[in-house]
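# 3D model of this:
(one chain, ligands or ions: 1)
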Amino acid sequence: MKLFQTGGHVPDTNYIFMGDFVDRGYNSLEVFTILLLLKASSILRPLTYNIPGSRSIRSLLISNHGTPANITLLRGNHESRQLTQVYGFYDECQRKYGNANAWRYCTDVFDYLTLSAIIDGTVLCVHGGLSPDIRTIDQIRLIDRNCEIPHEGPFCDLMWMTEEIETWAVSPRGAGWLFGSRVTSEFNHINKLELVCRAHQLVQEGLKYMFQDKGLVTVWSAPNYCYRCGNVASILSFNENMVRGPEFHTSCNRNESHTAVPVKLSEQLVFKRCEQGSVGTMLADGPFLELLFCSIQATTTGY
Ligand SMILES: [Mn+2]
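Numbers count the residues shown, from 1 in each chain. The predicted structure follows:
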């Protein structure tokens, strides 16, 4: 809720969420559910959702002017069956529902999440980073994404990649590579991009440009990550002219956490409306249209 208060409500603001929706807080299920509801509401408007006691959620879902909202959900490395069984999402579903069905439905949906998104043809958004197997965006489009995240290869790299060095090196996190300034600038040049936006690694200041040419930025939108890191969170916004405007927020009061009344996930709704291809496209046109990205409840080195 704090994020939407900071960045603007849907559908007046369009969002690209850059993955890791689960595993890092007490309300993974609620977070992922509300994002799916927002996405569904943008497709099946006008819809109103009767969630008892959640006036703030309901107000999020109702358009002021009837324009479809664009919510793009990118897959993060935690949107996987394996990691969620280790880092908490599976246990959370068991605790809240008494069985693993919600976890099973959610992880089935994870397989349909897109891997990356492009804004106005110039900004690529992806959870982890680049891959030595991918030189062009068309190669991302060819990835068969409807499966569990593989342990190696370009799909895995996009989810797990960690930036740091000049070229490529094996990541100490056990999956993905380290990629550096030369790799990024070559990729941006080949694909006529101005910027790669990614999440995946905690930055205390919420937003951090990497490398001398600032060809890559890490955007971190979970304030006080894991309720203990004390970090600032950010949203990177773009207006219709692609002018960037980072916005920051900090407060994260545990006592404010909303526990939604369990909502039955509609498999039909979700599965029928999955996006085609592994690269979503978003255009920055129209007045007051802002494109914002963020990662929420994302993971970081060492956690
Ligand atoms: Mn991650």
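
# burial count for Gly230?
For Gly230, the tally of surrounding residues (other C-beta atoms under 10 Å) stands at 11. Placement of C-beta: from N, CA and C, glycine included.

# the closest residue to it other than its chain neighbours: neighbour count?
Nearest-residue entry for Gly230: Asn224, 5.8 Å, with adjacent residues in sequence omitted and distances by C-beta to C-beta, 6 or more residues apart in numbering. Residue neighbour count, defined by other C-beta under 10 Å, stands at 16 for Asn224.

# isn't Asn224 right up against Gln204?
No. Using C-beta atoms under 8 Å, Asn224 is not in contact with Gln204, being 10.8 Å away.

# identify the contacts common to those two.
Counting by C-beta atoms under 8 Å, 6 or more residues apart in numbering, the contacts common to Asn224 and Gln204 are 230-231.

# what pLDDT is listed against the nearest residue to Glu79 once chain neighbours are set aside?
Distance criterion C-beta to C-beta, 6+ apart; nearest residue to Glu79, sequence neighbours excluded, is Phe110 at 3.9 Å. Per-residue pLDDT puts Phe110 at 97.

# now the longest helix seen in the chain - C-alpha only, PDB.
For the chain, the helix that runs over the most residues, judged by DSSP state H, is helix 28-43. As requested, the backbone C-alpha atoms of helix 28-43 are provided in PDB (Å, rounded to 0.1, in the frame of the first residue of the first chain):
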ATOM      1  CA  SER A  28       3.900 -13.000   0.400                       C
ATOM      2  CA  LEU A  29       0.500 -14.500  -0.400                       C
ATOM      3  CA  GLU A  30      -1.300 -11.200   0.000                       C
ATOM      4  CA  VAL A  31       1.300  -9.300  -2.000                       C
ATOM      5  CA  PHE A  32       1.100 -11.700  -5.000                       C
ATOM      6  CA  THR A  33      -2.700 -11.900  -4.800                       C
ATOM      7  CA  ILE A  34      -3.200  -8.200  -4.900                       C
ATOM      8  CA  LEU A  35      -0.800  -7.900  -7.800                       C
ATOM      9  CA  LEU A  36      -2.700 -10.600  -9.700                       C
ATOM     10  CA  LEU A  37      -6.000  -8.800  -8.900                       C
ATOM     11  CA  LEU A  38      -4.600  -5.500 -10.200                       C
ATOM     12  CA  LYS A  39      -3.600  -7.200 -13.400                       C
ATOM     13  CA  ALA A  40      -6.900  -9.000 -13.700                       C
ATOM     14  CA  SER A  41      -8.800  -5.800 -13.000                       C
ATOM     15  CA  SER A  42      -7.000  -4.000 -15.800                       C
ATOM     16  CA  ILE A  43      -8.100  -6.700 -18.300                       C
END
